[in-house]
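give me the fold of what follows.
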Amino acid sequence: MSTEQWEDYLAANDARFVDELSDFLTYASISSLPEHTGAVADAAQWVADRLTQAGIENVSVLPTGGHPVVYGDWCHAPDKPTVLIYGHFDTQPVDPLALWTRPPFEPHIQDERIYARGASDDKGNMLIPILAVEALLETRRQLPLNIKFLFEGQEEIGSPQLPEVIDRERARLACDLVVSADGGQWAEGQPALHTSLRGLCALEIRLTGARSDLHSGSYGGAVLNPIQALCELLAELHDDRGRVTVEGFYDDVRPLDAHATERIRAVPFDADAFKAGIGVPALHGEADYTTYERLWTRPTLEINGIWGGFQGEGTKTVLPSLAHAKITCRLVADQDPERICRRVGDHLIAKAPAAVRIDVRPEASHAWPYQIAPDHPGNQAAAAVHRRIFGREPHIVGMGGSIPVCGIFLRTLDAYTVNFAFGLKDENVHAPDEFFRLSSFRLGQRAYVHLLDALSRSAF
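You can find the predicted model right below:
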């Protein structure tokens with residue numbers, strides 16, 4: 001079978017593309033650390049320059065009041081859909097540095113894998129659609145549909161300014177569909193369609209007893225220890241069947257229908273391998289649901305941290321005056337992050353004993369849960385490409401984590417997001433020795449060309 005011109009172009013330029021990815025990965029664009037602000041800005045300029053080189057028009061670096069975003073478009077396909085391609089060029093911190101085999105921003109290739117912070121999440125994945133578009137413009141001189149790009153530099157810190165930017169630029173960003181290059185596939189050789197993401201809300205609790213720490217001999221038994229009060233308060237947030245006890249917590253949860261249950265249970269699950277992979281003796285969670293149902297379709301309330309009192313070597317007979325905890329809730333359709341935060345806070349305040357004072361502080365950042373129908377035209381196009389590229393049907397799966405921008409796009413632009421990326425679970429994302437398979441880097445370029453062709457024939 002003869003190849004198309006764009007396929008020949010991708011093959012002929014493969015070495016250059018790998019070199020460009022290596023260059024991109026040298027930018028220490030850690031969005032959470034102020035000392036790396038300049039590197040995030042430099043990475044944004046690299047992306048803008050690369051879009052221009054690919055033939056994208058109207059490229060600009062948009063200010064946000066925080067880390068920048070990069071925009072570009074090619075809109076010369078009248079009567080064809082408009083697709084917005086999203087990704088991010090910021091990265092997580094590199095700690096613990098001692099566990100890296102080589103410096104995290106000095107990329108190296110070994111066994112057809114490129115190692116560096118950001119290689120899989122998300123620089124390798126977000127570069128793929130740029131290269132696919134370049135191949136089409138160089139060989140066909142046009143694209144099969146209208147394309148817009150939006151790449152951000154603050155995803156790893158929750159995209160705090162992005163909602164305002166999207167709202168302000170909604171006319172420029174208007175589209176029929178968003179395609180996210182941030183994510184991955186189920187396994188090497190096994191594609192997946194991600195049809196749901198859990199949302200997020202967070203709060204911090206502080207219990208205060210006396211004005212200062214007290215001598216436990218002089219006051220123990222006469223006043224309530226805030227740490228004891230906090231532990232008891234947190235312990236009653238779940239019942240013995242794993243359900244959250246906060247009144248109204250489940251009121252807005254969208255129930256699973258028979259088709260959704262069937263799709264989830266069709267995804268292979270090896271409980272022993274799952275336990276061994278994370279090193280736990282047993283699985284735990286809300287009764288009457290499978291592990292994947294718990295991870296993808298049920299909300300959670302998790303205690304992320306608890307602290308207070310003396311924690312040094314030896315003994316200090318102190319009755320501490322303060323105790324703290326951090327809580328996050330993973331949310332599912334159709335839960336409202338602000339409403340859930342209020343309900344959890346009200347519950348804690350109502351249950352706190354009178355012998356301590358309680359302060360509940362919701363965190364400003366949150367993420368809305370996101371859900372898209374498996375038969376949405378965007379998913380149908382993506383599934384057809386998966387069948388062509390991988391030679392098998394994609395699993396229909398959810399994601400237990402959050403990608404806040406998916407909910408933002410839906411609420412602000414009225415556009416659903418199809419996740420179409422090629423990272424794999426073993427690529428040490430957010431961990432030392434992060435890497436990206438060059439086979440996925442190459443396969444993804446071909447897949448994106450096929451996806452754009454397929455979407456050009458879709459009716460949204």
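
just the endpoints, please. Distance across stretch 11-31?
When the termini of stretch 11-31 are compared using CA to CA, to the nearest Å, they are 34 Å apart.

next one: stretch 164-176
Between the opening and closing residues of stretch 164-176 lies a distance of 20 Å (CA to CA).

now that stretch: average pLDDT?
Here stretch 164-176 scores 97 as its mean pLDDT.

would you mark the buried spots in that stretch?
With burial defined by 16 or more other CB atoms under 10 Å, the residues of stretch 164-176 counted as buried are 165-166, 169, 173, 175-176. From N, CA and C alone the C-beta is placed, and that goes for glycine too.

CSV please, covering these and showing secondary structure and distance to Y416.
Conversion of the buried residues of stretch 164-176 to CSV gives the following (DSSP: H, G, I helix; E, B strand; the rest coil; distance: CB to CB, whole Å):
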residue, secondary structure, distance to Y416
V165, helix, 19
I166, helix, 15
E169, coil, 19
L173, helix, 14
C175, coil, 10
D176, coil, 9
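
off-centre distance for the strand or helix carrying R343?
R343 belongs to helix 337-351 when elements are defined using DSSP states H and E. A distance of 25 Å separates the centroid of the chain from that of helix 337-351, by CA atoms, centre = their mean, to the nearest Å.

could you give the bridge partners of G87?
With beta bridges defined as DSSP bridges, G87 has these partners: F151.

tell me how far it lies from R50.
Relative to R50, G87 is positioned 12 Å away (CB to CB, to the nearest Å).

which residues of the stretch 351-460 of the chain score low on pLDDT?
Counting by pLDDT under 70, the stretch 351-460 of the chain contains no low-confidence residues.

residue contacts, H259?
The neighbours of H259, taking CB atoms under 8 Å, 6 or more residues apart in numbering as the test, come to nothing; the list is empty.

what helix or strand does the spatially most distant residue from the centre of the chain sit in?
Seen from the C-alpha centroid of the chain, the residue lying at the greatest distance (CA atoms, centre = their mean) is S218, 50.3 Å away. Secondary structure assigned from DSSP H and E places S218 in helix 216-219.

can you name the residues that contact Y27?
Here Y27 is in contact with 39-40, 42-43, 46, 89, 105 (criterion: CB under 8 Å, 6+ apart).

quick one, grab the pLDDT at it.
Confidence at Y27, expressed as pLDDT, is 98.

okay, now the unreliable bits of the protein?
Residues of the chain that meet the cut-off, pLDDT under 70, sit at 1-2.

for the spatially most central residue of it, give me its contacts.
Within the chain, one residue has its C-alpha closest to the average C-alpha position: by CA atoms, centre = their mean, that is I403, at 3.7 Å. Listed by CB under 8 Å, 6+ apart, the contact set of I403 reads 155, 180, 182-183, 197, 367, 370, 417, 419.

from L62, how far out is it?
From I403 over to L62 (counting by CB to CB), the distance is 20 Å.

what's the answer for G407, then?
When distance is defined by CB to CB, G407 is 20 Å away from L62.

equivalent analysis for F249, please.
Distance from F249 to L62, counting by CB to CB: 38 Å.

of the two, who's got more company?
F249 (21 against 17; other CB atoms under 10 Å).

isn't that one right next to D346, touching?
No - proximity of F249 to D346 does not meet the contact threshold set by CB atoms under 8 Å, at 11.2 Å.

tell me which element L207 is part of?
Secondary structure here is read from DSSP H and E; on that basis L207 sits in strand 199-208.

for that strand, packing partners?
helix 226-235, strand 322-331, helix 337-351, strand 357-362 (3 or more CB pairs under 8 Å, 6 or more residues apart in numbering; DSSP states H and E).

which of the ones you listed sits most buried?
Mean neighbour count, computed with mean count of other CB atoms under 10 Å, is highest for strand 322-331 among these, reaching a mean of 21.

Provide the strand pairings for it, with the direction of each partner.
strand 199-208 (antiparallel), strand 300-307 (antiparallel).

how about the ones you listed, which one is nearest E427?
strand 199-208 (22.9 Å; CB to CB).

specify the angle between the strand holding L207 and strand 357-362 in degrees.
Here the directions of strand 199-208 and strand 357-362 differ by 160 degrees (axes from the mean of the first three to the mean of the last three CA atoms, to 10 degrees).

list the buried residues of strand 199-208.
Judged by neighbour count (16+ other CB under 10 Å), strand 199-208 contains these buried residues: 199-203, 205-207.

dump the residues you listed into a markdown table; add distance to H395 as well.
As requested, those are arranged in a markdown table below (distance: CB to CB, whole Å):
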| residue | distance to H395 |
| --- | --- |
| G199 | 22 |
| L200 | 24 |
| C201 | 28 |
| A202 | 30 |
| L203 | 34 |
| I205 | 38 |
| R206 | 43 |
| L207 | 44 |
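
quick one on the thing from earlier: can you add neighbour count and distance to R113 and give the contacts of I403 back as JSON lines?
Supplementary listing: those in JSON lines, determined by neighbours: other CB atoms under 10 Å; distance: CB to CB, whole Å:
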{"residue": "E155", "neighbour count": "24", "distance to R113": "23"}
{"residue": "S180", "neighbour count": "24", "distance to R113": "23"}
{"residue": "D182", "neighbour count": "22", "distance to R113": "20"}
{"residue": "G183", "neighbour count": "22", "distance to R113": "19"}
{"residue": "L197", "neighbour count": "31", "distance to R113": "27"}
{"residue": "A367", "neighbour count": "24", "distance to R113": "31"}
{"residue": "Y370", "neighbour count": "28", "distance to R113": "30"}
{"residue": "T417", "neighbour count": "27", "distance to R113": "28"}
{"residue": "N419", "neighbour count": "26", "distance to R113": "22"}
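
which of those residues fall in helices?
Among these, none falls in helices (DSSP state H).

of those residues, closest to R388?
Of the contacts of I403, the one sitting nearest to R388 (CB to CB) turns out to be N419, at 17.9 Å.

quick one, what contacts S120?
Each residue near S120 by CB under 8 Å, 6+ apart is listed here: 184, 423-424, 427-429, 434-436.
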